[in-house]
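Chemist: A predicted structure for the sequence below; I have some questions about it.
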Amino acid sequence: MSLDVELARPGETDPFWKTHDRDWRSDLWNFRVVWHEQVHDVVIREADAVLGALRLRIAASLAHVDALYVLPAQRRRGLGRLLVARAEEVANYYNCHKMTVQVFHDHPAQQFFTACGYAVEAVIPQHTFKLDVALLRKFLL
C-alpha cells in the first residue's frame, strides 16, 4: 500500500471535515459532542459606512472574540465598547457562560478589554509571532 502525505488544496477537505466533525470532537472530549458552532458579525454603522466590526464565534456554551476593528479615525468614541457590549448580549442569548479573547500581552488591546471587564486567564509566552499572548475572559452568567 502506498500512502501519500500532502498539502491539500484550499477547500478540498471540507467534505471530510463536514462528515467527521462530530466524531473527532467526540473522541477529543470522550463523550458524544453536539457541536453547533456559529459566527456572528456585529457592526456599527453611520449611514451606510461601517465604522467598526466584531466577529464573534460561539461553540459549546463559549463565546470568543475572533476579531475587533474600529477604523482609526473613529476610535476613542466608545464604538469598540458598544460592539463588545452587543456581542455579549448575543452570547447571553445563546447561553454562553463566558467570553474570551486573545490579545498580545501588555498591548493596548489588553488594556481595552480589561476596561471592558475582562480578566487575564493566562499568558502564553512566545505564542504568536514569538510574542506573549494574553487570554482574557469575562464570565457572563
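Modeler: Thanks, I have the structure now.
Chemist: what comes up buried for the worst-scoring helix or strand of the chain on mean pLDDT?
Modeler: Every helix and strand in the chain was compared by mean pLDDT, DSSP states H and E; the lowest is helix 14-29, with a mean of 86. Within helix 14-29, the residues that qualify as buried are residue 25, counting by 16 or more other Cβ atoms under 10 Å. In short, each C-beta sits where N, CA and C put it, glycine included.
Chemist: what about that helix, distance to the chain center?
Modeler: Centroid displacement of helix 14-29 relative to its chain, using Cα atoms, centre = their mean, to the nearest Å, is 20 Å.
Chemist: Output it in PDB with nothing but the alpha carbons.
Modeler: Output of helix 14-29 as PDB, limited to C-alpha atoms (Å, rounded to 0.1, in the frame of the first residue of the first chain):
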ATOM      1  CA  ASP A  14     -14.200  20.400   3.500                       C
ATOM      2  CA  PRO A  15     -16.400  17.400   2.800                       C
ATOM      3  CA  PHE A  16     -14.200  15.200   5.000                       C
ATOM      4  CA  TRP A  17     -14.400  17.600   7.900                       C
ATOM      5  CA  LYS A  18     -18.100  18.000   7.500                       C
ATOM      6  CA  THR A  19     -18.600  14.300   7.600                       C
ATOM      7  CA  HIS A  20     -16.300  13.600  10.600                       C
ATOM      8  CA  ASP A  21     -16.700  16.800  12.600                       C
ATOM      9  CA  ARG A  22     -18.800  15.300  15.400                       C
ATOM     10  CA  ASP A  23     -16.600  12.100  15.500                       C
ATOM     11  CA  TRP A  24     -13.300  13.900  16.100                       C
ATOM     12  CA  ARG A  25     -14.800  16.200  18.700                       C
ATOM     13  CA  SER A  26     -16.400  13.200  20.500                       C
ATOM     14  CA  ASP A  27     -13.000  11.400  20.500                       C
ATOM     15  CA  LEU A  28     -11.300  14.500  21.900                       C
ATOM     16  CA  TRP A  29     -13.800  15.200  24.700                       C
END
